[in-house]
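[1] Show me the folded form of this:
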Amino acid sequence: MKTTPQGCQSRLPDNTALKQQQLPAYRLQLSATGVLSGFFATGVFCLGVGIILILSAKSIKEIEINYTKICANCAKLRENAVNFDKECTCSIPFHIPETMQVLAHSHLNKACTGHPVSCYNLSTHPPCTTDPCYLLEFQFFHSAHHLLTYCGNVYMYYKLYGFYQNLYGYILSRSNSQLLGTDVKDVGSCAPFRESHNGTPIAPCGAIANSIFNDTIILSYNLNSSIHIKVPMLRSGITWWTDKYVKFRNPSSNNLSSAFAGTTKPPYWPKPVYELDEEDPGNNGFINDDFIVWMRTAAFPTFKKLYRRLSRTQCFIEGLPAGNYSFNITYNFPVTRFRGEKSVVLSTLTWSGGRSLFLGLAYTVTGAVTWLATFSMMAAHLMLKERKMFFSQQ
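    A predicted model of the protein is given here:
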């Protein structure tokens with residue numbers, strides 16, 4: 001009888017259930033009822049979520065005004081780089097349509113003759129005051145059935161058509177170490193905007209920073225032909241938190257202008273980076289919100305970026321009332337030379353984000369396809385079941 005050497009026996013696995021792979025195991029056996037139920041439930045879930053997202057996106061109120069051709073004179077002026085120091089402005093009136101709903105407001109009691117607002121005919125008895133805020137409150141609720149069209153938080157965007165921020169060389173033309181404030185003279189990766197003609201490093205350097213959107217847009221509410229109220233807009237709080245407090249930092253210095261000593265502004269900028277917002281030190285330099293928003297490049301040639309958000313104070317606590325408005329634009333950003341266009345957008349937001357139907361449609365299509373697969377498999381299962389019963393009877 002042939003014996004096994006002791007050394008070979010030492011390499012054998014132990015005679016245990018684990019090492020001999022004899023543990024009890026559960027083998028999943030899917031039944032037709034379980035599979036069809038799972039597919040059906042998935043389809044219901046996707047269809048429900050898709051419908052909710054579509055309804056949420058449809059509830060967003062948005063108005064877009066393309067001012068490329070409206071400000072044609074300014075566009076023509078900006079085609080010639082020689083005119084970079086010449087200011088050009090244009091005004092674009094527009095109307096936010098009215099909807100109907102009766103509302104009362106406590107401020108009107110102070111302005112009128114003592115009659116309760118609920119039983120006061122505001123259509124024939126306007127507020128007894130010349131204060132623009134009181135007049136605006138009256139405009140909010142002047143009709144028997146009148147409701148704010150843009151109620152709640154309102155956001156202003158600029159939108160560009162035909163501007164390719166996704167070009168490979170454009171995306172790489174920046175200095176992250178410079179934007180982090182560690183070395184403002186590190187311009188090695190910023191071609192072709194590394195240095196000025198006399199060799200001075202540019203801060204911020206690169207093609208992205210040099211091409212920043214620099215139109216100035218002011219929204220005004222035209223109460224009547226003689227009263228124009230500037231709508232208060234916030235220029236901070238429009239960036240991602242990680243961008244503002246992690247990816248962009250100013251150099252460590254008590255004086256921001258001295259921190260950028262030995263550098264120069266980008267060629268297409270009218271002022272240096274440390275003068276972007278001298279009134280707010282927390283929004284100046286590399287941590288300026290407009291600058292940070294622009295530096296986050298877009299994936300497609302048509303995109304919009306957040307420009308301002310409504311400051312819900314004074315006369316605009318409830319939002320934007322229906323009525324006549326105007327955009328007063330200082331035109332600086334040229335687009336006609338590359339056949340692009342510019343728009344300004346006013347929009348509200350919901351819990352699901354902006355006015356985009358993509359996610360809702362994706363869920364809806366997925367749910368519909370899942371339901372189609374469910375009914376197809378159910379039909380095939382019933383046909384095979386009937387055939388099996390037929391052969392078993394024979």
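
[2] Am I right that residue 325 sits in a helix?
    No: per DSSP: H, G, I helix; E, B strand; the rest coil, residue 325 lies outside any helix segment and is strand.

[3] Distance check, it against residue 312.
    As defined by CB to CB, to the nearest Å, residue 325 lies at a distance of 16 Å from residue 312. Where C-beta positions appear, they are placed from N, C-alpha and C, glycine not excepted.

[4] out of those two, which sits in the busier spot?
    residue 325 (22 against 16; other CB atoms under 10 Å).

[5] What's the per-residue pLDDT of that one here?
    As predicted, residue 325 sits at a pLDDT of 93.

[6] likewise residue 158?
    97.

[7] Give me the neighbour count for it.
    Residue 158: 23 surrounding residues under other CB under 10 Å.

[8] ok, and it, which helix or strand is that part of?
    strand 155-161 (DSSP states H and E).

[9] For the helix or strand following that strand, which helices and strands make contact with it?
    With elements assigned by DSSP H and E, the helix or strand that comes after strand 155-161 is helix 168-172. Using 3 or more CB pairs under 8 Å, 6 or more residues apart in numbering; DSSP states H and E, the elements in contact with helix 168-172 are helix 207-210.

[10] Would you mind pulling up the elements that the helix it packs on packs against?
    Packed next to helix 207-210, using 3+ CB pairs under 8 Å, 6+ apart, are helix 168-172, helix 289-295.

[11] All the strands of the stretch 251-394 of the chain, in order from the start?
    Ranges of strands in the stretch 251-394 of the chain, per DSSP state E, counting those that start in this stretch, are 303-310, 319-320, 323-330, 341-347.

[12] Could I get those strands in JSON lines, plus columns for distance to residue 158?
    Formatted as JSON lines, the strands of the stretch 251-394 of the chain follow (distance: least, CB to CB, whole Å):
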{"stretch": "strand 303-310", "distance to residue 158": "5"}
{"stretch": "strand 319-320", "distance to residue 158": "18"}
{"stretch": "strand 323-330", "distance to residue 158": "10"}
{"stretch": "strand 341-347", "distance to residue 158": "6"}
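
[13] Considering the ones you listed, which stretch scores lowest in mean pLDDT?
    strand 319-320 (a mean of 86).

[14] distance between it and the chain's centre?
    A distance of 19 Å separates the C-alpha centroid of strand 319-320 from that of its chain, computed with CA atoms, centre = their mean, to the nearest Å.

[15] same check, this time on stretch 17-29
    The answer for stretch 17-29 is 52 Å, by CA atoms, centre = their mean.

[16] Span of it from start to end?
    By CA to CA, to the nearest Å, the extent of stretch 17-29 from end to end equals 24 Å.

[17] same question, stretch 190-199
    Note: stretch 190-199 ends 14 Å apart using CA to CA.

[18] Please apply the same query to stretch 155-168.
    Per CA to CA, stretch 155-168 runs 30 Å from first to last residue.

[19] do the same with stretch 284-299
    27 Å.

[20] One more: stretch 230-243?
    By CA to CA, one end of stretch 230-243 lies 30 Å from the other end.

[21] got it, and stretch 61-80?
    End-to-end for stretch 61-80, by CA to CA: 37 Å.

[22] and what of stretch 298-306?
    Rule used - CA to CA; the end-to-end distance of stretch 298-306 is 12 Å.

[23] tally of neighbours for residue 351?
    Residues lying near residue 351 (other CB under 10 Å) number 5.

[24] now the one 10 residues further on
    As a burial measure, residue 361 scores 14 neighbours (other CB under 10 Å).

[25] my read: it touches residue 49, true?
    No: at 11.5 Å, residue 361 does not count as touching residue 49 under the criterion of CB atoms under 8 Å.

[26] so where's the stretch 151-300 of the chain shaky on pLDDT?
    For the stretch 151-300 of the chain, residues meeting the criterion pLDDT under 70 lie at 151-152.

[27] what about the helices in it?
    168-172, 176-179, 207-210, 241-242, 256-259, 289-295 (DSSP state H, counting those that start in this stretch).

[28] How far off centre is the longest one?
    For helix 289-295, the distance between its averaged C-alpha position and the chain's averaged C-alpha position is 13 Å (CA atoms, centre = their mean).

[29] re earlier: strand partners of the strand holding residue 158, parallel vs antiparallel please.
    If you go by DSSP bridges, strand 155-161 pairs up with strand 303-310 (antiparallel), strand 341-347 (antiparallel).

[30] can you redo these as JSON lines with distance to residue 167 and mean neighbour count?
    Shown next, in JSON lines, are the strands paired with strand 155-161 (distance: least, CB to CB, whole Å; neighbours: other CB atoms under 10 Å):
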{"stretch": "strand 303-310", "distance to residue 167": "14", "mean neighbour count": "19"}
{"stretch": "strand 341-347", "distance to residue 167": "19", "mean neighbour count": "20"}
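
[31] Switch these over to TSV, and while doing so, append distance to residue 191 to every line.
    As requested, the strands paired with strand 155-161 are arranged in TSV below (distance: least, CB to CB, whole Å):
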stretch	distance to residue 191
strand 303-310	24
strand 341-347	27
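
[32] which element follows the host helix or strand of residue 36 toward the C-terminus?
    Using DSSP H and E, residue 36 maps to helix 32-58. Downstream of helix 32-58, the next assigned helix or strand under DSSP H and E is strand 62-66.

[33] list the buried ones in the following helix or strand past that following strand?
    Note on strand 62-66: by DSSP H and E, the next helix or strand toward the C-terminus is helix 72-78. Neighbour counts using 16 or more other CB atoms under 10 Å place 74-75, 77-78 of helix 72-78 among the buried residues.

[34] residues in contact with helix 72-78?
    Outside helix 72-78, the residues that touch it by CB atoms under 8 Å, 6 or more residues apart in numbering are 68-69, 83, 86, 88-90, 331-336.
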